[in-house]
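Chemist: The sequence and its predicted three-dimensional model are supplied below.
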Amino acid sequence: MRALFATLASVFIFSGPVAATPAKEAPWLPEAAAYRLTLFLGNLEPLPWDEIEAAWTEPYRGSEFSVGALAWLDSESDDAPDSLRDAIMGENRQVVFAEATRLIADRIEEELDRALSAEDSATTQQAVRTARELYRAFADGIAAADPEAARRIGLAWLELNSSTGSAGVLGAGATPADRDTMAVARAVISGYLAENYLIDDFAPRQMLSALPETAVLGGRAIEVPPSLPPGSDIFDQEPLPRLVLNFEEQGIDETDLPLVAYGDMLFDSAQIFGSPARDLGLACATCHNRSDVNQRLFIPGASHQPGAIDVDGAFFNPIFNDRRDDPLDIPSLRGLRFTGPYGRDGRFASLRDFSRNVIVNEFGGEEPTPFILDALVAYMLEFDFLPNSMLTPDGQLTDAAPEAARRGEAVFNTPFAGLGDRSCASCHVPDANFLDRRAHDIGSVAPAYEGARVGAMDTPTLLGTAYTAPYFHDGSLPTLAAVVDWFDEAKSLGLTEAERADLTAYLETVGAADEPYEAFDAENTAFRLAFSELTTFASTLDTLLPRRDAEHILLLTDTVAADLAADTSTMSNLEARPEVYALAARLAEVGAAVRDEDWAAAEASWSAFQTEADAINERAF
C-alpha cells in the first residue's frame, strides 16, 4: 500500500496534472478570510473598493460566523484596527495591504501570547489552534518563497500543539503544558513574522500576495499558486442536472464515437485553459454542470450572485479585461445545436468561434489545435433538451399539461400593443424550440451611455427553464412569475392577476422536464457515474495511440488520471479504493511512456488499464 501511494505521489505531483475535481477547504476565521479577500480583490482592475470594505464589515459568503471581521476583532482582540479602517476609506491600496498584513501578524502574536500565559490546557490549546488558523493566511506565500522556512515553521507549530498539555479525562491523567518547549517553538514563528510581516514599511506590491517581505526585497520572481478567496464555490450543483445526449438516446455507445468522447473529456478538462483557471481546476463543466447551469458557482469579485460570473474581468485573463463590472448569468447549453447564435448578445454565429473565444480570450488558454476544437464542438452538439411529456416536439401542449397552462398558452400567443403588436410566441417560437435565433433589446439592459445601442440580447429558449433560475442576462429576476410581472409592467400588457398566473403556469410547463436530475442510490453513486465517464474518455486512446498523437494523448492522460485519483476519495466501496488509485497510476504510466517516446510501453500500460478497469467496474461505487 505504501508503495502504491508513493507511486501516485510521483505521478500526480511531479508530472503536474490538475484535477477538475475541486477539494473543499476548511472554514476561515473572519479576519483571515477578510485578509485573503483583500489580496484577491486588490489585484482586480478596477479595484472594487465597496467589496473590499464589505470583506471587513460583513461575514464572507458561507461563513460560519455571523459578524464581519472588524466586529469580530472588536469582541475578540485587543488590537484596534482603526488604521485599516482609515486606509480602506482612503482607498489606498498599498496602505490597506500593509495595515491588513500587520493586523494578521499581530493577531497571531496576540494568540501566541495568550497560549503561553494561559493557566489551563484548554485555553492554551484553543489559542494555539486560533494562531495557526490565522497563520494559514500567510502559509502559501511562505511555502512558495521559502520552503525551508515553511518547513521550520511547520515543525514549530507541531511542537506547540504537542506541548500544550492535557486536562485528562475527568481530571485523571492531566499533564501540564511544557512552557519551555512552547517558548522555543513560538520564537521560530515570531521571529519570522517580525522579519517579514510586522515591519514598518513594506515594499510596493504590483501584485498583492502573502509573500514574505524578505522574498519580495530579494527581487526573485516567485509564483504563488493561484487560489480562490473565502466564499468561493466551484462545486457541482446539487442535485446534479441530468445530461441528455443525442447519441445515447439512440442507443449508440460513446466509446464508438472517439471524437465525441475526446470532446467530452475536454469539456471536463482544466488543461485547455490558462492560469489561474487551469491551476484552480476550472473546466467548461464547472459552470455548465452536465450541459446545464451550475446555480451555486460563485467567485467574489467575479460573481454578483450565485450562478453568475464575469468572464472578461481582470482575474482569468488580464489582457481580456474590459474594465466593466458586468457578470452574466450562466446560460444552459442544452440543445446547443439549435440555439445559435452564441454568446448572451449573439455575437458569435459559429459555435467553433465561440468555443475558441472561451478558451483563448476568456480563460487565457493556448491556441487550441483544430482537433481540440473539432472534438469539443462535436461533443457539445450532442447536448439535447430534457424530455418533457407535457410538450410535443413542435411545442404544443399535450394532454398531460394542466388546465392553467392551456389558458396561459392563449395569453402567450396573444399580440399586445406593448410588444409592437407581437406576442410572446413571436420571439419564443414554439415549433422552433421556443426561440427565433435573433437578438432583441427589450429594455432589460441599462445603456452604458446616452444613445448606446447595446441592449440587444439573444433570445433564450424556454425549454428546461424551470430549473435555471434566476432569469434575464444578469439573473435579476428570481422566478418565472417575476419574469411575467416584469413584462406586464415594463411593456404595459394590462394582464389581469389570473392571466399572469396562467401565463406563469404555461412557462413553468414548457420549462419542465420528466427527469431533471441524476438519480443516485447506494450502488448507482456519483462515483460510478464519474468512473464510467472517465474510462470512456480513456477509450479514445484506442484511436490516438496508433496515430502516435503525443500531444492529445498527454492532454487526456494528464486530465483523466488526475481526476480519477481525485474522485476515488468519494467512493463508498472503501475496499476498492486502492485498486482505483492503482488504475489512475496505470493511466499516468501511459502518459509517462509517451513522454519518453516508448510507444510499446505506452500500449502495454493501456492494455493493462483496460483489463484492470473491466475487473473493477462492478465494484466501482
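Modeler: Here it is on my side, so go on. Bear in mind that the values here come from a model prediction, so they are computed numbers and not experimental data. Numbers count the residues shown, from 1 in each chain.
Chemist: What residues sit buried inside the helix or strand Leu556 falls within?
Modeler: Applying DSSP states H and E as the criterion places Leu556 in helix 550-568. The neighbour-count criterion (16 or more other CB atoms under 10 Å) identifies 550, 552-568 as the buried residues of helix 550-568. Every residue, glycine included, has its C-beta placed from N, CA and C.
Chemist: what's the offset of the very next helix or strand once past that helix from the middle of its chain?
Modeler: Of the helices and strands lying after helix 550-568 in sequence (DSSP H and E), the nearest is helix 577-595. Centroid separation for helix 577-595 versus its chain: 26 Å, with CA atoms, centre = their mean, to the nearest Å.
Chemist: Now do helix 577-595 against helix 550-568, angle only.
Modeler: Put simply, helix 577-595 runs at 170 degrees to helix 550-568, going by axes from the mean of the first three to the mean of the last three CA atoms, to 10 degrees.
Chemist: can you start the count at 467 instead of 1 from here on
Modeler: Sure thing, new numbering starts at 467, so read that last one as helix 1043-1061.
Chemist: Would you indicate which residues of helix 1043-1061 are buried?
Modeler: Residues of helix 1043-1061 classed as buried by neighbour count (16+ other CB under 10 Å): 1043, 1045-1060.
Chemist: Next: stretch 818-835.
Modeler: Using 16+ other CB under 10 Å as the burial criterion, the residues of stretch 818-835 that qualify are 818, 820-826, 828-831, 834.
Chemist: Pass me the low-pLDDT residue ranges in the chain, would you?
Modeler: Counting by pLDDT under 70, the chain contains low-confidence ranges at 467-484, 636-637, 639.
Chemist: Which helix or strand contains the nearest residue to Glu689 once chain neighbours are set aside?
Modeler: Ranked by CB to CB, 6 or more residues apart in numbering and with sequence neighbours excluded, the top spatial neighbour of Glu689 is Ala610, at 6.6 Å. Ala610 is part of helix 587-611, with elements assigned from DSSP H and E.
Chemist: and that helix, how far from the chain's centre?
Modeler: When distances are taken as CA atoms, centre = their mean, helix 587-611 is centred 26 Å away from the chain's centroid.
Chemist: That helix packs against which elements?
Modeler: Contacts defined by 3 or more CB pairs under 8 Å, 6 or more residues apart in numbering; DSSP states H and E place helix 587-611 against helix 496-507, helix 559-583, helix 613-628, helix 645-662.
Chemist: quick one: which two of the buried residues of stretch 818-835 are the most distant?
Modeler: Pairwise distances among these were taken by CB to CB; the largest, 19.0 Å, belongs to Arg818 and Gly830.
Chemist: CA atoms only for stretch 797-808 - export them in PDB, please.
Modeler: In PDB, the C-alpha atoms belonging to stretch 797-808 read as follows (Å, rounded to 0.1, in the frame of the first residue of the first chain):
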ATOM      1  CA  PRO A 797     -26.600  30.000 -19.700                       C
ATOM      2  CA  SER A 798     -27.700  26.500 -20.200                       C
ATOM      3  CA  LEU A 799     -26.100  24.700 -23.100                       C
ATOM      4  CA  ARG A 800     -28.900  22.200 -23.600                       C
ATOM      5  CA  GLY A 801     -29.900  21.800 -27.300                       C
ATOM      6  CA  LEU A 802     -26.900  23.800 -28.300                       C
ATOM      7  CA  ARG A 803     -27.100  22.900 -32.000                       C
ATOM      8  CA  PHE A 804     -30.500  24.600 -32.100                       C
ATOM      9  CA  THR A 805     -29.700  27.700 -30.100                       C
ATOM     10  CA  GLY A 806     -27.200  29.700 -32.200                       C
ATOM     11  CA  PRO A 807     -26.000  32.400 -32.500                       C
ATOM     12  CA  TYR A 808     -23.900  32.100 -29.300                       C
END
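Chemist: Now do the buried residues in that stretch.
Modeler: Applying a neighbour-count criterion of 16+ other CB under 10 Å, the buried positions in stretch 797-808 are 797-802, 804-808.
Chemist: so what's Met555 up against?
Modeler: Not one residue lies near Met555 by CB atoms under 8 Å, 6 or more residues apart in numbering.
Chemist: before we move on, what about Gln591?
Modeler: If you count contacts by CB under 8 Å, 6+ apart, Gln591 has them with 627, 630.
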